[in-house]
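Peer 1: Attaching a predicted model along with its sequence, questions to come.
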Amino acid sequence: MKVAIVDYNSGNISSVINSFKEVAKDKVSIEVTSDIKKIKSSDKVVLPGQGSFKSCVDALKKINGLTETLNEFAIKKKKPLLGICVGLQMFADIGYEETETKGFGWISGKVSKIDNKNGKFKLPHIGWNEINILKDSIIFKGIEKNSHMYFVHSYELIPEDKTVISATTDYSSNIVCSIEKENIFGTQFHPEKSDKMGLKIIDNFINL
Amino acid sequence: MLKNRIIPCLDVKNGRVVKGINFVDLKDAGDPVEQAKIYSDGGADEICFLDITASNENRNIIFDVVEKTSKKCFVPLTVGGGIRSIEDINKLLNCGADKVSINTAAVENSKVVVDSSKKFGSQCIIVAIDAKRTENSWEVFTHGGRNKTGIDAIEFAKKMEQSGAGELLVTSMDKDGTKSGYDIDLMFKISSKVNIPLIASGGVGNLDHLVDGIKLGNASAVLAASIFHFGTYTIKEAKQYLNSKKVQVRL
């Protein structure tokens, strides 16, 4: 089995790489790549993302054919894909960070700034927060209820179809923090920085 | 609910932990990688390295330390000390640091904060403010607390938020090393003036100081070095104590 971590200059992905390699050991090959051929031939794709929605979409577009390849991978071929943080946000139709930017449109919805209730809540939402699992997602196998995950973000994905939400977290409101739609998975939190429970989620994804 | 974070900090010089002592299970007290692993296994919410290497020829050792640590610890890793440029930040992030903490460079040229938060995202840019009490406010110091700047700490904190910092690490120079608790006024003043999380630092001598930093200082996270480093308390003990005082932590 081959898992490709998409390296599209979206910021710092070393922690994602380290955590997947730690979990995969020698059983699964982890390839860090922006090579379209390699992505096509892999069994699973991980799409990380740091910085702004716009900067990530721009970075994806800079690599010729990458957006199309990911579309084909996730929508036509229906192979498992995991988006992390802005990687998840880009599933949406549209994002409003910096300026209005189109996303993949895999999940109908938008990405907008977390309502901080007139400054009552600090942004970014940084730190460990509990997740409320709403759906028996395969990537949550063995994850205890109310487990803590590490978050760092100021924007949230608001999907139109609420049935794709697999977990939420409670901050200034109930924030969507995990998505599952058929073969498409995403976490707003960082499993790669969420200690043992986070590594378990990565393990679940690798073993899908 | 978002939990308050406990962040142990390790002072690293020439790739070695300064004044390391031997914990149980620890083969080499001076090895920052091993120390960091003990902390993360013990439930630390993040790990912080402060590189205090003075000589230029040894500046590169920290990269190796960060690289090794990030392969063993799967909680956020912050590195501070001697960061001058976008290239320094890039290199540390590539080695596996999740955040960097910028101190002197942010004071001398706030463009470093503007540019780095644009390039890497605010989430990985912490501005470290070393502040000393003046008659009616606080003044920013640089170069590890050696140089006066004449800049008001509260104004500077607001400016850093606007420049794109994701968090502020505020250290009281008056309290640092005294074990008499954080400068609560300073923490509270800054925290109430900015809308980004504040990490309190400097002065922790017992676990009540951590409680105060959060409850009275309104800090989102509390950083301490010596109480953990010298084994006075374990991370777990600290968290259990905070929990008993109704401070929400990740247990």
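Peer 2: Noted; the coordinates are in hand. Keep in mind the model is a prediction, meaning the values are calculated, not measured.

Peer 1: Quick one: residues contacting A:Glu72.
Peer 2: A:Lys40 (Cβ atoms under 8 Å, 6 or more residues apart in numbering or on different chains). Backbone N, C-alpha and C define where each C-beta goes, glycine included.

Peer 1: Please report the distance of it from A:Asp7.
Peer 2: 19 Å (Cβ to Cβ, to the nearest Å).

Peer 1: And A:Gly83, by the same measure?
Peer 2: Taking Cβ to Cβ, one finds A:Gly83 at 14 Å from A:Asp7.

Peer 1: quick one, which of the two is more surrounded?
Peer 2: A:Gly83 (28 against 16; other Cβ atoms under 10 Å in any protein chain shown).

Peer 1: The helix or strand hosting that one pairs with which strands?
Peer 2: Counting by DSSP states H and E, the element that carries A:Gly83 is strand A:81-84. With DSSP bridges as the test, strand A:81-84 is paired with strand A:44-47 (parallel), strand A:184-187 (parallel).

Peer 1: can you give me the mean pLDDT across it?
Peer 2: Regarding strand A:81-84, the rounded mean pLDDT is 98.

Peer 1: Repeat that for stretch B:189-198.
Peer 2: Mean predicted confidence for stretch B:189-198 is 97.

Peer 1: Report the distance from it to the chain centre.
Peer 2: 16 Å (Cα atoms, centre = their mean, to the nearest Å).

Peer 1: what's it in contact with?
Peer 2: A:116, A:119, A:122-124, A:126-127, B:129, B:138, B:153-154, B:157-158, B:161, B:165-168, B:170, B:187, B:217-221.

Peer 1: can you rerun that using 6 Å?
Peer 2: Contact with stretch B:189-198 is made by A:119, A:122, A:126, B:154, B:157-158, B:161, B:167-168, B:170, B:218-220, as judged by Cβ atoms under 6 Å, 6 or more residues apart in numbering or on different chains.

Peer 1: Show me what from the stretch 51-200 of chain B comes close to chain A.
Peer 2: Contact residues, the stretch 51-200 of chain B versus chain A (Cβ under 6 Å from any Cβ of the partner chain): B:70-71, B:74-76, B:93, B:96, B:98, B:120-121, B:123, B:166, B:195, B:197.

Peer 1: which of those sit farthest apart?
Peer 2: B:Lys71 and B:Asn195 (34.7 Å; Cβ to Cβ).

Peer 1: how about the strands in chain A?
Peer 2: Secondary structure of chain A by DSSP state E: the strands cover A:2-6, A:29-33, A:44-47, A:81-84, A:92-95, A:101-102, A:107-113, A:125-133, A:148-153, A:155-159, A:165-170, A:174-181, A:184-187.

Peer 1: Same question for chain B.
Peer 2: Under the criterion DSSP E, chain B contains strands at B:5-13, B:16-17, B:47-51, B:77-80, B:99-102, B:125-133, B:138-142, B:147-152, B:167-172, B:198-201, B:221-224.

Peer 1: now the helices for chain B?
Peer 2: B:32-41, B:61-70, B:86-95, B:104-108, B:111-120, B:153-163, B:184-193, B:207-215, B:226-229, B:235-244 (DSSP state H).

Peer 1: okay if I get these as a markdown table plus distance to A:Thr99 and mean neighbour count?
Peer 2: Listed next are those as a markdown table, based on distance: least, Cβ to Cβ, whole Å; neighbours: other Cβ atoms under 10 Å in any protein chain shown:
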| stretch | distance to A:Thr99 | mean neighbour count |
| --- | --- | --- |
| helix B:32-41 | 38 | 22 |
| helix B:61-70 | 33 | 21 |
| helix B:86-95 | 23 | 18 |
| helix B:104-108 | 27 | 21 |
| helix B:111-120 | 14 | 20 |
| helix B:153-163 | 19 | 20 |
| helix B:184-193 | 29 | 20 |
| helix B:207-215 | 37 | 22 |
| helix B:226-229 | 44 | 21 |
| helix B:235-244 | 42 | 18 |
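
Peer 1: okay, the strands paired with strand A:81-84, which one's buried deepest?
Peer 2: strand A:184-187 (a mean of 26; mean count of other Cβ atoms under 10 Å in any protein chain shown).

Peer 1: ok, residues contacting that strand?
Peer 2: With Cβ under 6 Å, 6+ apart, strand A:184-187 has contacts from A:74, A:81-84, A:88, A:91, A:106, A:139, A:178-179.

Peer 1: I'd like the average pLDDT over that strand.
Peer 2: Per-residue scores along strand A:184-187 average to 98.

Peer 1: Contacts only, for the residue nearest to B:Ser101 when sequence neighbours are not counted.
Peer 2: Among residues not flanking B:Ser101 along the chain, B:Gly80 sits closest, at 3.2 Å (Cβ to Cβ, 6 or more residues apart in numbering or on different chains). By Cβ under 6 Å, 6+ apart, the residues touching B:Gly80 are B:50, B:101, B:128.

Peer 1: Now A:Ser52: closest residue in space, sequence neighbours ignored.
Peer 2: Closest to A:Ser52 by Cβ to Cβ, 6+ apart is A:Glu97, at 4.6 Å.

Peer 1: Would you mind measuring from the one you found to chain B?
Peer 2: 10 Å (Cβ to the nearest Cβ, to the nearest Å).

Peer 1: Next: A:Leu82.
Peer 2: From A:Leu82 over to chain B (counting by Cβ to the nearest Cβ), the distance is 16 Å.

Peer 1: Can you name the residues bridging to that residue?
Peer 2: Beta-bridge partners, per DSSP bridges, of A:Leu82: A:Val46, A:Phe185.

Peer 1: How many residues are close by the closest residue to chain A within the stretch 151-251 of chain B?
Peer 2: Closest to chain A within the stretch 151-251 of chain B is B:Arg250: 4.3 Å, counting by Cβ to the nearest Cβ. Neighbourhood size, B:Arg250 [other Cβ under 10 Å]: 22.

Peer 1: Same question for B:Ala44.
Peer 2: Counted with other Cβ under 10 Å, B:Ala44 comes out at 26.

Peer 1: That one: what's it in contact with?
Peer 2: B:8, B:235.

Peer 1: let's go with 8 Å and repeat that
Peer 2: B:Ala44 touches B:6-8, B:75, B:235, counting by Cβ under 8 Å, 6+ apart.

Peer 1: Is it possible to get CSV of those residues that adds pLDDT?
Peer 2: Formatted as CSV, the contacts of B:Ala44 follow (pLDDT from 0 to 100):
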residue, pLDDT
B:Ile6, 98
B:Ile7, 98
B:Pro8, 97
B:Val75, 97
B:Ile235, 97
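
Peer 1: ok, those residues vs A:Ala24, which is closest?
Peer 2: Nearest member of these to A:Ala24, counting by Cβ to Cβ, is B:Val75, at 19.6 Å.

Peer 1: Contact partners for that closest one?
Peer 2: A:150, A:193-195, B:40, B:44-47.

Peer 1: and which of those residues is nearest to B:Pro32?
Peer 2: Among the contacts of B:Val75, and counting by Cβ to Cβ, the member closest to B:Pro32 is B:Ile47, at 9.3 Å.
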